[in-house]
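*Asks:* Any chance you can model this:
(chains A and B)
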2 protein chains.
Amino acid sequence: MTNLTLALDAMGGDHGPHITVPATLQALRLSSFLHIILVGNEAEITPYLSQIETSVRSRIEILHTTEVVSMSDRPVHALRNRKQSSMRLAIELVRDGKADACLSAGNTGALMAMSKVLLKTLPGIDRPALVSCLPAVNKTPVYLLDLGANVSCCSETLFQFAVMGSVLCEAVDKNPSPKVALLNVGIEEIKGNDQVQQAGQLLQQSPQLNYVGFIEGNDLFSGNVDVIVCDGFVGNITLKTSEGIARLLVHQLEKGLQQGFFVRLMAKLIAPRINSVLNQMNPDHYNGASLIGLRGIVVKSHGSADESAYLQAINLAVTEAQRRLPQMIEERLESILLDINS
Amino acid sequence: MTNLTLALDAMGGDHGPHITVPATLQALRLSSFLHIILVGNEAEITPYLSQIETSVRSRIEILHTTEVVSMSDRPVHALRNRKQSSMRLAIELVRDGKADACLSAGNTGALMAMSKVLLKTLPGIDRPALVSCLPAVNKTPVYLLDLGANVSCCSETLFQFAVMGSVLCEAVDKNPSPKVALLNVGIEEIKGNDQVQQAGQLLQQSPQLNYVGFIEGNDLFSGNVDVIVCDGFVGNITLKTSEGIARLLVHQLEKGLQQGFFVRLMAKLIAPRINSVLNQMNPDHYNGASLIGLRGIVVKSHGSADESAYLQAINLAVTEAQRRLPQMIEERLESILLDINS
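*Replies:* Residues are numbered from 1 along each chain as shown, chains lettered A, B, ... in the order given. All right, here's what the predicted structure looks like:
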């Protein structure tokens, strides 16, 4: 396996090094080809590195900085005033070819703004999109984008998101022809706002994409499509709503089954079966969203991720780096755009 | 109890009179003050009325027409060309003071367009909104509007929806000060698109409303607020997503608990507890959305509603008529607008 280097914003997220460093150690133990540069306050990072075996410690580098982006920093403010922040330095390592991908659990808006300015978008892409999988209620992952990086999108931007989502699915899941749909208030052609209708027309003119039309909210989890496209306002609310209701259902059911001795006993006896269903649905067991459309790999972890969730985000960054995702998107995009313009 | 008359589009929905007439009979048996005008094809309605007790039959009137609005009719087309349709005649009965409310399970877009033209909006309201409760995962109902009647909304329209939602909650749930929130991609003031941000500013200037700020998708079911406002594009997708995931979880859990003799047996023993939780969550057990902001009451049933779901929609129409909802909204709106302009 070719060596890979990740740059981690060790300070980002609700817990900082307390989560990011132990997850780093796990990742390095699992993958001997992996090197990780921890960007952040050395004094806060090193306590977690004592008594680590040399085979792991030798693949860790620390890039010391004390500045951090706070969760309340406006993107423009962070861009102008956080030039030595752990987030920015991690992105710069990717820009300068010193890391193959970077990862942060910090402020999403700042991460988006810094990544766009430092890494630039791919040719033909106006704005990066934040993409992730829906809670895995079905076996096959369903990619939803944009998740909030762009609260307003024109039809052309939605079209570009569709292309990027399709290529991501091709690259990561080896799906030769991902089904792409636009999220809308109905499946009939007359439904929706102007942006969605015009994006649908653009997609119909793209023979290289497997565009299947509009999809409604109640069909998100049907497994009928592989990629679902919408603007960041709708995508963010849709994903958070799904997570909210899944989490609540898990909670209500657990509560319901803890009342009364007999029910508690029976529930315990079949707990493995119930848990296997609930775990499938529980969004807390998934983590990692990617900013795609950039000339470099940037992965965003939930701010509240625990060690195992953060490890998943690291794995996502590794997978994208191994597949050389930005280059794949660039090549496919060029071919699709040529096809449309010819 | 004062007598009330409802006008029912007996032909609307997936099943027409097969569902609407038996539900009508149930409603009339439950409420002796209720009269119902069934609008539709007499030949299709009367078979369901044979051998009905006189005390019920005497409170049913049939307004015969053979024309119907189809689900694929565009709103403008329905408005111009379905002048004798069961949907339109039912709305006209409200306009002409012959019914206190009307109800249809038919084409939502056509119902919205016809209602707006025939009944007109209240003073100060530009566009009616479709409102309903979220799947009742918490004991207290949470109203979400708009659910798809208006796919694009300016800030002024969102503000009007907030006022109407608040008054609806006051009227139906006797809540003296409903907490109103705007659905957004974050709770911080800087988050969201222009419409939501400006609507937030308008709401902050309305001392008569209990506006609590932005709310995110994962907080929809927390019970922290009573009324949630968004444009129809977002609302429709949010509601359908919630319904989709709730329905899927119910299905997955049932499937998971039907495999293996031991699990099946244990599951059967605690089925009442599991079912009570699942029923709470199952959106199929709820029905009835209201078009509010009109000078008359229009209730929309799910097209796929069964008899008991359709009966719930009838009950909603009755409740709104008893509370004289349009008049209540008009009075409160006038007072709120005066307060802002003074």
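
*Asks:* Using PDB, write down the CA coordinates of the helix or strand containing residue A:166.
*Replies:* In the assignment (DSSP states H and E), residue A:166 maps to helix A:155-173. Provided in PDB are the C-alpha atoms of helix A:155-173 (Å, rounded to 0.1, in the frame of the first residue of the first chain):
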ATOM      1  CA  SER A 155     -29.800  25.400 -11.000                       C
ATOM      2  CA  GLU A 156     -26.300  25.300 -12.500                       C
ATOM      3  CA  THR A 157     -24.800  24.700  -9.000                       C
ATOM      4  CA  LEU A 158     -27.300  21.900  -8.300                       C
ATOM      5  CA  PHE A 159     -26.300  20.400 -11.600                       C
ATOM      6  CA  GLN A 160     -22.600  20.500 -10.600                       C
ATOM      7  CA  PHE A 161     -23.500  18.800  -7.300                       C
ATOM      8  CA  ALA A 162     -25.300  16.000  -9.200                       C
ATOM      9  CA  VAL A 163     -22.200  15.400 -11.300                       C
ATOM     10  CA  MET A 164     -19.900  15.400  -8.200                       C
ATOM     11  CA  GLY A 165     -22.200  13.100  -6.200                       C
ATOM     12  CA  SER A 166     -22.400  10.600  -9.000                       C
ATOM     13  CA  VAL A 167     -18.600  10.500  -9.400                       C
ATOM     14  CA  LEU A 168     -18.200  10.100  -5.600                       C
ATOM     15  CA  CYS A 169     -20.500   7.200  -5.600                       C
ATOM     16  CA  GLU A 170     -18.700   5.600  -8.600                       C
ATOM     17  CA  ALA A 171     -15.400   6.100  -6.900                       C
ATOM     18  CA  VAL A 172     -16.100   5.000  -3.400                       C
ATOM     19  CA  ASP A 173     -18.800   2.300  -3.900                       C
END
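
*Asks:* buried sites along that helix?
*Replies:* Neighbour-count burial for helix A:155-173, with 16 or more other Cβ atoms under 10 Å in any protein chain shown as criterion, is recorded at A:155, A:157-172. All C-beta atoms are positioned from the backbone trio N, CA, C, and that covers glycine.

*Asks:* for that helix, the distance to its chain's centre please.
*Replies:* 14 Å (Cα atoms, centre = their mean, to the nearest Å).

*Asks:* What helices and strands are in contact with it?
*Replies:* In this structure, helix A:155-173 makes packing contacts with strand A:129-133, strand A:143-145, strand A:179-183, helix A:194-204, strand A:227-229, strand A:289-292, helix A:325-341, judged by 3 or more Cβ pairs under 8 Å, 6 or more residues apart in numbering or on different chains; DSSP states H and E.

*Asks:* hmm, who's touching the second one?
*Replies:* Read that as strand A:143-145. A:129-134, A:161, A:164-165, A:168-169, A:220, A:226-230, A:235, A:238-239, A:292 (Cβ atoms under 8 Å, 6 or more residues apart in numbering or on different chains).

*Asks:* and if we set it to 6 Å?
*Replies:* By Cβ atoms under 6 Å, 6 or more residues apart in numbering or on different chains, the residues outside strand A:143-145 that reach it are A:129, A:131, A:133, A:134, A:161, A:165, A:169, A:227, A:228, A:235.

*Asks:* quick check: angle from the helix holding residue A:166 to helix A:325-341?
*Replies:* Helix A:155-173 and helix A:325-341 are oriented at 130 degrees to each other (axes from the mean of the first three to the mean of the last three Cα atoms, to 10 degrees).

*Asks:* Could you check the angle helix A:155-173 makes with strand A:129-133?
*Replies:* Per the same axes, to 10 degrees, the angle that helix A:155-173 makes with strand A:129-133 is 40 degrees.

*Asks:* What's the mean pLDDT across helix A:155-173?
*Replies:* For helix A:155-173, mean pLDDT is 92.

*Asks:* tell me the pLDDT at the residue lying closest to residue A:122 once chain neighbours are set aside?
*Replies:* In space, not counting the residues next to it along the chain, residue A:122 is nearest to residue A:330; the distance is 4.9 Å by Cβ to Cβ, 6 or more residues apart in numbering or on different chains. Predicted confidence (pLDDT) for residue A:330: 89.

*Asks:* burial of residue A:330, as a residue count?
*Replies:* 18 (other Cβ atoms under 10 Å in any protein chain shown).

*Asks:* before we move on, what about residue A:123?
*Replies:* 10.

*Asks:* Next, the contact list for the closest residue to chain B within the stretch 51-200 of chain A, please.
*Replies:* Closest residue of the stretch 51-200 of chain A to chain B, Cβ to the nearest Cβ: residue A:185 (4.2 Å). Applying Cβ under 6 Å, 6+ apart to residue A:185 gives the contacts A:191, A:192, B:148, B:233, B:236.

*Asks:* go on, residue A:316?
*Replies:* A:288, A:299.

*Asks:* Which secondary structure state is assigned to it?
*Replies:* helix (DSSP: H, G, I helix; E, B strand; the rest coil).

*Asks:* Show me the helices in the stretch 201-342 of chain A, by range?
*Replies:* Per DSSP state H, counting those that start in this stretch, the stretch 201-342 of chain A carries helices over the ranges A:232-256, A:261-269, A:271-281, A:307-322, A:325-341.

*Asks:* Tell me which of those sits most buried.
*Replies:* Most buried of the helices of the stretch 201-342 of chain A by mean neighbour count (mean count of other Cβ atoms under 10 Å in any protein chain shown) is helix A:232-256; its value is a mean of 23.

*Asks:* by contact count, what packs against that one?
*Replies:* helix B:232-256, helix B:271-281 (3 or more Cβ pairs under 6 Å, 6 or more residues apart in numbering or on different chains; DSSP states H and E).
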